[in-house]
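Q: predicted model follows, preceded by the sequence.
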Amino acid sequence: FTHEVDQNAPGIAFLPSTLDHNLFSGFVQDEITLRDNLFFTLGTKIEHNDYTGVEVEPSARLQWNLTPKQMLWAAVSRAVRTPSRIDRDLNQPGPGGLLTILQGGGADYHSEDVIAYELGYRAQLSSKVSTSISTFYNVYDNIRSYTPGPPPFGFPITAANNLEGETYGAELTADYQILDWWRLHGGYDFLQENNHVKSGQVDFSNGLNETADPEHQFSIRSSMDLPENINFDTGLRWVDSFQINNGGKPATVPSYFELDARLAWRPTKNLEFSIVGQNLLDDHHEEYGVPGSATTEEIVRS
């Protein structure tokens, strides 16, 4: 149960300003042994919220242990993003309060939903090397959109569910225990998005608000357990360029590298001193004039 009271500003408000919200949630799951090395897991989450009522999110997962050190798995699941107050109750009045520029979708705004298909493989290749690869295909419906109002002004812009789409990709990870005190972890992510406006519907940004994700990402981490209880960890990450919506027009954020480092010393079991550096290669952001990139990364990490 949530009781919310908002002190609305002249330029933006939630209507009603006071709202009571109830959320009921439950989960059930059963693992079925089909064979000694084959397992089927079936479950569902069921919840009831005051915006859209009952939401059912089932999942099914199959695990096949090919050998004691190899596993193949597959899964199908449904998930939802239920409406927030921004989707339903937002109200942004124009100058002098003469008209409403942006408003929530009201009772017509539904939950966004996705059907996710996954297939993966994990293996312990040797005593020092392990790896995993997973692929996915997601089908989205009722994604948030913004519908312009009637001409000539096009206001108010109203939140709606006029977008749909698909994403697919793969994730690859590997761990290498170089020495007893030195470990490496590498990862690569590939993501392809295809979101679009539903037939006969409109969206203010043609779906660009929902596609600000890089196609390729790569990371590598090093962890060292040095003598005298000293740990030295470094992480390098590369993010591909991607497009964002900027007032209805696409803009490009260039690719960049990010380097983090941490040196820690534990004089006793219960005491640790550490020095941490984040975004150590952040000059790339300034070179291309992407404002606030380092701050954004720090906020997301926090």
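A: Alright, I've got the coordinates.
Q: and what about the most centrally placed residue in the chain, helix, strand or coil?
A: Closest residue to the average C-alpha location of the chain: D213 at 9.7 Å, with C-alpha atoms, centre = their mean. What DSSP: H, G, I helix; E, B strand; the rest coil gives for D213 is coil.
Q: check contacts around it.
A: 191, 193, 242 (C-beta atoms under 8 Å, 6 or more residues apart in numbering). Where you see a C-beta, it was placed from the backbone N, CA and C, and this is true even at glycine.
Q: give me that answer again for 10 Å
A: 167, 169, 189, 191-193, 239-240, 242-244 (C-beta atoms under 10 Å, 6 or more residues apart in numbering).
Q: quick one, phi/psi of it?
A: With angles defined as degrees, to the nearest 10, D213 sits at phi -130, psi 140.
Q: could you do N229 as well?
A: phi 60, psi 40.
Q: look up phi and psi at H110.
A: The phi/psi pair for H110 (degrees, to the nearest 10) is phi -100, psi 180.
Q: please name the residues that touch it.
A: By C-beta under 10 Å, 6+ apart, H110 lies in contact with 51-52, 80, 82-83, 87, 141-142, 144, 160-161.
Q: how far does stretch 172-192 stretch from one end to the other?
A: One end of stretch 172-192 sits 15 Å from the other (C-alpha to C-alpha, to the nearest Å).
Q: now do the buried residues in that stretch.
A: The neighbour-count check on stretch 172-192 (16 or more other C-beta atoms under 10 Å) flags 173-175, 183, 186-191 as buried.
Q: for it, the distance to its chain's centre please.
A: Put simply, stretch 172-192 sits 21 Å off its chain's centre (C-alpha atoms, centre = their mean, to the nearest Å).
Q: give the rounded mean pLDDT of it.
A: Mean pLDDT, computed over stretch 172-192, is 97.
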